[in-house]
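K.L.:
missing the sequence, but the structure's below:
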């Protein structure tokens, strides 16, 4: 979203749609693809718009979808607490809380492993909410 664009009153889903359209390159296609995977993994996921980026939540933050010039970064709020047997987490590994999946142009995402991570993040949020 261009900085001059207004976001007040816009639905988060529309803002995410606008971000994808604005990118108009591999990053937009990648963001659209991971968005679909997130919805498949957790049909009850809530789309939000915080910190000028797409956010997906279910009983708490699951992940953000940040886009940079050379990477689409999916930062999992409680990633350090999630099992990652497929080794998808490849960024922000040094912290005690977050973990991220950086996707570069041409990368092929293991869709099943990604959906498993989304499901695990939602399950962790549900168990923490009790």
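P.N.:
Structure received. These figures come from a predicted structure and were not determined experimentally.
K.L.:
what's the neighbour count on residue 84?
P.N.:
The local packing of residue 84 (other Cβ atoms under 10 Å) involves 17 other residues. In this view, the C-beta of every residue, glycine as well, is placed from N, C-alpha and C.
K.L.:
which parts of stretch 21-31 are buried?
P.N.:
Residues 23, 27, 28, 30, 31 are the ones in stretch 21-31 that count as buried (16 or more other Cβ atoms under 10 Å).
K.L.:
Report the separation between residue 23 and residue 112.
P.N.:
25 Å (Cβ to Cβ, to the nearest Å).
K.L.:
Closest to residue 61 out of the buried residues of stretch 21-31?
P.N.:
When the buried residues of stretch 21-31 are compared for distance to residue 61 (Cβ to Cβ), residue 31 wins out at 17.3 Å.
K.L.:
Now for the protein: which helix has the highest residue count?
P.N.:
Ranked by residue count, the top helix of the chain under DSSP state H comes out as helix 111-129.
K.L.:
and for it, what are the contacting residues?
P.N.:
When contacts are defined by Cβ atoms under 8 Å, 6 or more residues apart in numbering, helix 111-129 is touched by residues 34, 37-38, 40-42, 44-45, 56-63, 76-79, 81-86, 88, 101.
K.L.:
List the neighbouring strands of the lengthiest strand in the chain plus their orientation.
P.N.:
Ranked by residue count under DSSP state E, the longest strand found in the chain is strand 61-67. Sheet pairing of strand 61-67 (DSSP bridges) gives strand 53-57 (antiparallel), strand 72-76 (antiparallel).
K.L.:
Okay, angle between it and helix 111-129 too, please.
P.N.:
If you take axes from the mean of the first three to the mean of the last three Cα atoms, to 10 degrees, strand 61-67 sits at 130 degrees to helix 111-129.
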